[in-house]
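**Student:** the following block contains a protein sequence and its predicted model.
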Amino acid sequence: MEIDKAIRESDDTRLKTKYNNAVFVIKRALALYSSEEVAFSFNGGKDSTVLLHLLRAACYLHKMEQSCSDGDLSNFPVRTIYFESPSAFPEINSFTYDMAKTYDLKMDIINTDFKSGLESLLKANPIRAIFLGVRIGDPTAVGQEQFSPSSPGWPPFMRVNPILDWSYRDVWAFLLTSKAKYCSLYDQGYTSIGSVHDTVPNALLGTSSKEKFKPAYLLSDGRLERAGRVKRKSASSNCLHGSDPNNVDSHKKSMLTVSIIAVGDEILFGTVEDKLGSFLCGKFHSIGWSVTRITVVRSEIDSVAEEVERQKSTNDAVFIYGGVGPLHSDVTLAGIAKAFGVRLAPDEEFEEHLRFLIGDQCTGDKNEMALLPEGITELLPHESLPVPLIKCQNVFVLGATNVSEMEKEWDCLIELSKSSELLTLLEPHKSKHLSTNLSDVEAAQPLSKLCLEFPDLHIGCYRLSKKGPLIVSITGKEEERVKLGAEALRNKFPLGTFSDI
């Protein structure tokens, strides 16, 4: 069988592993269901083309193992479903019918929408499982496993996803290694094909000639596979902003809150001093946010999950650091996933970033560092950062381990916020600090009255040492109110009792 032979003779160990795993999934499905009970959804795209040839190879190997034939596949044994759309590219339709003729596909052509067509097809045929060319990162892949029952409200069938964990690189490695024919649009610069209304050649494959593009397999960065697709911003993509440009103005005098979580047993053991929390407090103060709390949790998935779940619903944002990486104690992302009730899944975009960063260390069929909370993760790349920052709805994950690294990540985040409104940047808090030699007892009652007179101000007190002066801090959103509060405090005591710091 030419496909199996080509892959097994390849030197690409990652591709061999992906191939073997996919074939195993298909053979497992063929063992669970009869040939009349399985179907294959083919749309002419690169992913379903890969799946077509994987099915051919797996069916051949399955027959060989059963010793019931010589492995001849002159008749493709799996029913093929093609949803023909008036908005599909002519090249896609042509390629699909060409494949049907070449491999003798028994095609059911459906001209209605996917759900209605599927309902009719399943009523007329005993189909119990459908092979799909879904990959992690596809909009429909969220929550799916290699074997996943259909969603509620849909006709019941088993979704079988043999290439769920394949990347863009894996897809093209397979097609080129096996010398399989694919749709001609991919040689014209298209990297991800939808309808004629929302798909154009990927500009990253452009040449000196405006009308010519390099082939899709030359796109070196799989993160940008969908750069030729029209992007629609989801309503939940920005949890801190509305679409109204005046939204920021409405926040000028409001109080946005953030909770800071540090993850690390070493901090709790006293082995490492946490300086990042206080650093972030100062930075949030400078953009007008209020920090509600800083917590330190153990390097345990449940500990992280409980704290994230508690804070994400009561604050506008949560910033978390520590516990990010490939070590056994790096549980932060797993904890966040559990807090949101999602799984960790391979993220092709993040894996490509890691591949550029650590090269040969990022080999194999599974990269643990590229597992991110599925369906809620947004990567925040910046040219000054080796890998993107991670945002899971309103939870921001920072990878810094010291103040210098944290300052760099913060500066990049602020720069991104200025261009994309990632965080609402408010006017900085205004503060005034006064010093006095009064005892706590002497200052207590007047300060309590001041708090009642200025409920919009935060009035705090502290000493740097027991015998040192009492320092009163007055903080608010409006400078004039802070000045009035400071003047009111002075007027409660003899002249000269307080001095400015």
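**Tutor:** Good, I have the coordinates.

**Student:** who touches the one helix or strand G282 maps to?
**Tutor:** Using DSSP states H and E, G282 falls within helix 276-286. Contact partners of helix 276-286, identified using CB atoms under 8 Å, 6 or more residues apart in numbering, comprise 258, 260, 262, 290-291, 294, 319, 321, 400, 402-403, 406-407, 410, 428-429. Any C-beta I mention is one placed from the backbone N, CA and C, and that applies to glycine too.

**Student:** please flag which of these sit within strands.
**Tutor:** 258, 260, 262, 290-291, 294, 319, 321 (DSSP state E).

**Student:** nearest to G194, of those?
**Tutor:** F319 (36.0 Å; CB to CB).

**Student:** pretty sure the closest one contacts I260?
**Tutor:** Yes - F319 is within contact range of I260, at 5.1 Å (criterion: CB atoms under 8 Å).

**Student:** buried set for the one helix or strand I474 maps to?
**Tutor:** Assessed by DSSP H and E, I474 sits inside strand 470-476. Neighbour-count burial for strand 470-476 flags 470, 472-476 (criterion: 16 or more other CB atoms under 10 Å).

**Student:** list just the nearest of those residues to F269.
**Tutor:** The closest of these, once distances to F269 are taken by CB to CB, is S473, at 31.9 Å.

**Student:** sorry, back to before: which two among the buried residues of strand 470-476 are spaced furthest apart?
**Tutor:** Applying CB to CB across the buried residues of strand 470-476, the maximum distance is between L470 and G476, 20.0 Å.

**Student:** if we can go back for a sec, send me the strand holding I474 as PDB with only the CA atoms.
**Tutor:** Only the C-alpha atoms of strand 470-476 are listed here, as PDB (Å, rounded to 0.1, in the frame of the first residue of the first chain):
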ATOM      1  CA  LEU A 470       3.200  57.600  61.600                       C
ATOM      2  CA  ILE A 471       2.700  57.900  57.800                       C
ATOM      3  CA  VAL A 472      -0.800  58.600  56.500                       C
ATOM      4  CA  SER A 473      -1.500  57.900  52.900                       C
ATOM      5  CA  ILE A 474      -4.500  59.400  51.100                       C
ATOM      6  CA  THR A 475      -5.400  57.900  47.700                       C
ATOM      7  CA  GLY A 476      -8.100  58.600  45.300                       C
END
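
**Student:** touching whichever helix or strand comes after it from outside, list them.
**Tutor:** Using DSSP H and E, the helix or strand that directly follows strand 470-476 along the chain is helix 479-491. Applying CB under 8 Å, 6+ apart, the contact partners of helix 479-491 are 430-432, 434, 446-447, 450, 453-454, 456-457, 459, 472, 474-476, 497-498.

**Student:** same check on stretch 375-392?
**Tutor:** Contacts for stretch 375-392 (CB under 8 Å, 6+ apart): 142-143, 237, 333, 336, 340, 342, 347, 349-350, 353-354, 357, 372-373, 393, 396-399, 408-409, 411-413, 415-416, 422.

**Student:** pLDDT below threshold where in the stretch 1-150 of the chain?
**Tutor:** 67-75, 137, 139 (pLDDT under 70).

**Student:** now the strands for it?
**Tutor:** 38-41, 79-83, 107-110, 129-131, 147-149 (DSSP state E, counting those that start in this stretch).

**Student:** could you dump those to JSON lines with mean neighbour count and distance to H328?
**Tutor:** Listed next are those as JSON lines, based on neighbours: other CB atoms under 10 Å; distance: least, CB to CB, whole Å:
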{"stretch": "strand 38-41", "mean neighbour count": "23", "distance to H328": "40"}
{"stretch": "strand 79-83", "mean neighbour count": "21", "distance to H328": "44"}
{"stretch": "strand 107-110", "mean neighbour count": "17", "distance to H328": "49"}
{"stretch": "strand 129-131", "mean neighbour count": "23", "distance to H328": "36"}
{"stretch": "strand 147-149", "mean neighbour count": "14", "distance to H328": "29"}
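
**Student:** okay if I get those strands as TSV plus distance to P381?
**Tutor:** Output for those, formatted as TSV (distance: least, CB to CB, whole Å):
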stretch	distance to P381
strand 38-41	33
strand 79-83	35
strand 107-110	40
strand 129-131	34
strand 147-149	30
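
**Student:** centre-most residue in the protein?
**Tutor:** Nearest residue to the geometric centre of the chain (CA atoms, centre = their mean): T377, 2.4 Å.

**Student:** what does the model give that one for pLDDT?
**Tutor:** pLDDT for T377: 88.

**Student:** what of the one 3 residues further on?
**Tutor:** Looking at L380, its pLDDT reads 90.

**Student:** quick one, phi psi at it?
**Tutor:** With angles defined as degrees, to the nearest 10, L380 sits at phi -120, psi 80.

**Student:** so what's the residue count around the closest residue to it other than its chain neighbours?
**Tutor:** Once flanking residues are discounted, L380 sits nearest to L389: 4.1 Å by CB to CB, 6 or more residues apart in numbering. For L389, the count of nearby residues is 21 (other CB atoms under 10 Å).

**Student:** measure L389 to E65 for me?
**Tutor:** 48 Å (CB to CB, to the nearest Å).

**Student:** so who does L398 touch?
**Tutor:** Here L398 is in contact with 319-321, 324, 389, 406, 409 (criterion: CB under 8 Å, 6+ apart).

**Student:** at 7 Å instead, please
**Tutor:** Contacts here follow CB atoms under 7 Å, 6 or more residues apart in numbering; on that basis L398 touches 319, 321, 389, 406, 409.

**Student:** check G323 too.
**Tutor:** Per CB under 7 Å, 6+ apart, neighbours of G323: 263-264, 299, 304, 329-332.

**Student:** only whichever of these are buried, select them in ChimeraX.
**Tutor:** Buried members of the contacts of G323, defined by 16+ other CB under 10 Å, are picked up in ChimeraX with:
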select :263,264,299,304,330,331,332
